[in-house]
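requesting a structural model of the entry that follows:
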Amino acid sequence: MFRAMRRTRQELSRAETEDILRRGKTGILAVHGDDGYPYTVPINYVYRDGKIYIHCAKAGHKFDAMARDDKVCFCVIDRDEVVPDEFATHYKSAVAFGRARLLEGEAIARAAWDLGAKYNPDPAKVQKAVEKDLAHVACFEITIDHLTGKQAKALV
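As a prediction, the model looks like this:
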């Protein structure tokens, strides 16, 4: 169903690819947008237990697209160094294809807490933010169907 990576020498192991997802700060979410156009957006996320968790408003382009079609793609760039003398970029990245599911109940609070804790080391501030915003936020869980990681030829 998913294409095999063409340049297999550059393929990262599953463990290296998951490390990219754990370390990353921002991912690019791709969804099936309005009128058949793809829609991509940079987004904060957390990777936990083999799944990706994201948040958004309860209405808007991301929410509507995932509610309409649960298939998504998510990309994280771990390394991105342009090397002018080589006319190349030294990169490492992870790409996940999966399905997004709107969370309900306690799962929303857990995802919101995990997201907050990833970006703010103060548990009291995270708790305060979660309590303040929980009623206004939607959280999605992305179950990964296919995951690949790739690095530049120069890094092999």
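
so how far is the worst-scoring helix or strand of the chain on mean pLDDT off the chain centroid?
None of the helices or strands of the chain scores lower by mean pLDDT, DSSP states H and E than helix 123-133, at a mean of 92. Between the mean C-alpha point of helix 123-133 and the mean C-alpha point of its chain there is a distance of 22 Å (Cα atoms, centre = their mean, to the nearest Å).

and if you look at stretch 146-156?
Per Cα atoms, centre = their mean, the centroid offset for stretch 146-156 relative to its chain is 17 Å.

same check on stretch 144-156?
Worked out by Cα atoms, centre = their mean, stretch 144-156 lies 15 Å from the chain centre.

and it, what's its mean pLDDT?
For stretch 144-156, mean pLDDT rounds to 93.

can you list the buried residues in that stretch?
In terms of neighbour count (16 or more other Cβ atoms under 10 Å), stretch 144-156 has its buried residues at I144, L147, T148, G149, K150, Q151, A152. For the C-beta atoms, the positions are set from N, CA and C on the backbone; glycine is no exception.

alpha carbons only: can I get that stretch in CSV?
C-alpha atoms of stretch 144-156 as CSV (Å, rounded to 0.1, in the frame of the first residue of the first chain):
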residue,chain,number,x,y,z
ILE,A,144,0.8,5.5,12.4
ASP,A,145,0.2,3.2,9.5
HIS,A,146,3.6,3.7,7.9
LEU,A,147,6.8,5.4,9.2
THR,A,148,10.0,6.2,7.4
GLY,A,149,13.1,8.1,8.2
LYS,A,150,15.7,9.4,5.8
GLN,A,151,19.1,11.1,5.9
ALA,A,152,21.3,12.9,3.3
LYS,A,153,23.8,10.8,1.4
ALA,A,154,26.6,12.7,3.1
LEU,A,155,25.5,11.4,6.5
VAL,A,156,25.4,7.7,5.6
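
how about residues contacting that stretch?
1-2, 5, 7, 9-14, 16-18, 20, 50-52, 79, 83, 86, 88-99 (Cβ atoms under 8 Å, 6 or more residues apart in numbering).

among the residues you listed, which ones are in helices?
Of the contacts of stretch 144-156, the ones assigned to helices by DSSP state H are R14, E16, T17, E18, I20.

could you identify the most distant pair in the residues you listed?
The widest separation within the ones in helices among the contacts of stretch 144-156, taken as Cβ to Cβ, falls between R14 and I20 and amounts to 10.9 Å.
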